[in-house]
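**Q** Got a predicted structure plus its sequence, pasted below:
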Amino acid sequence: MKNQFILWLLLLFGFGCNTLRPGTTGDNSPESRQKTESPDKSAQPRFLTGISTTDETPKEPEKQISSHSGSGHSTYSRAASEIESRERFNSLQFKYAILTNSPIELLTNQKLLDFMDQWYGVPYHYGGRDKDGIDCSAFAALLMTSVYQVNGLPRISKDQYMISRRVRKVDLREGDLVFFHTLGKGHSVTHVGVYLYNNRFIHASISGVQISNLGEGYYASHFVGAGRVIHNTETD
């Protein structure tokens with residue numbers, strides 16, 4: 001009888017511990033972890049078969065190429081434009097468009113481009129007439145003869161100013177002469193250049209033959225006026 005009572009107590013306390021055991025504790029055996037980490041397959045979500053999660057609709061290459069969104073189209077357009085420009089314009093047009101900051105379409109006078117490229121950078125020499133050294137009035141006279149067939153232009157810049165027809169600065173065009181004083185206001189003309197485009201002119205300065213901006217710095221403050229010696233009934 002005593003043994004049966006002890007057995008009954010053991011069974012009672014054994015079931016009681018399992019019933020009252022906190023949920024946070026449990027069997028740490030590998031079999032228990034495997035059961036916890038691998039839940040019942042019946043609880044896993046089921047997927048419908050025969051349905052793809054990727055878009056299998058064929059793309060249209062034409063629409064991708066012709067798309068106007070993003071930088072791809074602009075890059076393509078710039079590349080096409082550059083190729084077209086290379087076919088239409090030569091290297092001197094590109095060079096002097098950059099030097100004058102002008103639209104390349106304005107640089108259509110090939111004789112002028114060739115002349116400028118032959119003389120660009122030639123050193124200045126007062127009284128000079130060749131590529132060993134040349135002064136401003138000799139350079140202007142030589143350019144006008146070689147490019148525009150204007151012969152007999154006076155040798156001195158002051159005289160060139162006197163025989164040319166006055167032109168307003170806003171009406172300047174390629175081949176017009178631009179005059180400056182270098183001895184202070186009130187003095188006569190002492191320097192001359194030939195107008196190109198976009199407010200730029202070419203001349204023989206003390207730094208050599210170069211292109212300068214008519215509207216900036218020294219030349220803006222020393223500008224006297226402009227004159228025209230090219231007689232063209234279509235544009236006068």
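**A** Nice, I can see it. Numbers count the residues shown, from 1 in each chain.
**Q** Below-threshold pLDDT in this structure: ranges please.
**A** Low-confidence regions of the chain, defined here as pLDDT under 70, cover residues 1-86, 185-186, 231-236.
**Q** And the helices in it?
**A** In the chain, helices defined by DSSP state H lie at 2-20, 30-37, 61-65, 71-88, 91-100, 110-119, 136-148, 157-163, 217-221, listed in chain order.
**Q** ok, residues contacting the last one?
**A** It stands for helix 217-221. The set of residues external to helix 217-221 that reach it, using CB atoms under 8 Å, 6 or more residues apart in numbering, is 180, 212-214. C-beta coordinates here come from the backbone N, C-alpha and C atoms, glycine included.
**Q** how about 6 Å then?
**A** Helix 217-221 is touched from outside by residue 212, with contacts defined as CB atoms under 6 Å, 6 or more residues apart in numbering.
**Q** Show me what counts as buried in it.
**A** Judged by neighbour count using 16 or more other CB atoms under 10 Å, the buried positions of helix 217-221 are residue 219.
**Q** The fifth one too?
**A** For helix 91-100, a neighbour-count test (16+ other CB under 10 Å) marks 93, 95-97, 100 as buried.
**Q** what's the closest of these to residue 115?
**A** Compare each of the buried residues of helix 91-100 with residue 115 using CB to CB and the shortest gap goes to residue 96, at 11.0 Å.
**Q** so can I have CSV of the buried residues of helix 91-100 showing distance to residue 187?
**A** What follows is the buried residues of helix 91-100, written out as CSV (distance: CB to CB, whole Å):
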residue, distance to residue 187
93, 38
95, 36
96, 32
97, 35
100, 29
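**Q** looking at it, residue 201 is touching residue 209, isn't it?
**A** No - taking contact to mean CB atoms under 6 Å, the distance of 11.5 Å between residue 201 and residue 209 leaves them out of contact.
**Q** more neighbours, those two?
**A** Under the criterion of other CB atoms under 10 Å, the comparison of residue 201 against residue 209 puts residue 201 first, with 25 against 22.
**Q** Find the nearest non-adjacent residue to the more buried one, please.
**A** The shortest distance from residue 201 to any residue other than its chain neighbours is 4.1 Å, reached at residue 193 (CB to CB, 6 or more residues apart in numbering).
**Q** do residue 125 as well
**A** Nearest non-adjacent residue to residue 125, counting by CB to CB, 6+ apart: residue 133, 2.5 Å away.
**Q** ok, back up a step: state the pair within the buried residues of helix 91-100 that is farthest apart.
**A** Checking these against each other with CB to CB, the farthest-apart pair comes out as 93 and 100, at 10.8 Å.
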